[in-house]
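Student: Sequence isn't available, so here's the structure alone:
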Ligand code: SF4
């Protein structure tokens, strides 16, 4: 499954980058998925980061 961040929703808490730093980074005031890590949504830590994102900006897809 894929993971992405909707920048229009992200308000830059940086929690995702602190929680799962090998998948998420914090750049220019937004959370981003690191290059090559978009297929990480099966990782329980990534799913938890999505659940705990305060702005529901982390999207899990097929
Ligand atoms: S946890 Fe959510 S709001 Fe915070 S930086 Fe990550 S995507 Fe943005």
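Tutor: Right, received. Where do you want to start? No experiment lies behind these values; they were computed from the predicted model shown. Numbering: from 1, shown residues only.

Student: where does residue 62 land on pLDDT?
Tutor: pLDDT recorded at residue 62 is 82.

Student: okay but it is in contact with residue 2, surely?
Tutor: Yes. Counting by Cβ atoms under 8 Å, residue 2 is a contact partner of residue 62 at 7.0 Å. C-beta here means a position set from N, CA and C on the backbone, and glycine is covered the same way.

Student: Just want to know which of those two has more residues nearby.
Tutor: residue 2 (14 against 5; other Cβ atoms under 10 Å).

Student: Skipping adjacent residues, who's closest to residue 59 in space?
Tutor: Leaving aside its chain neighbours, residue 59 sits nearest to residue 4 (5.0 Å; criterion: Cβ to Cβ, 6 or more residues apart in numbering).

Student: That neighbour touches residue 33, doesn't it?
Tutor: Yes. Counting by Cβ under 8 Å, residue 33 is a contact partner of residue 4 at 5.9 Å.
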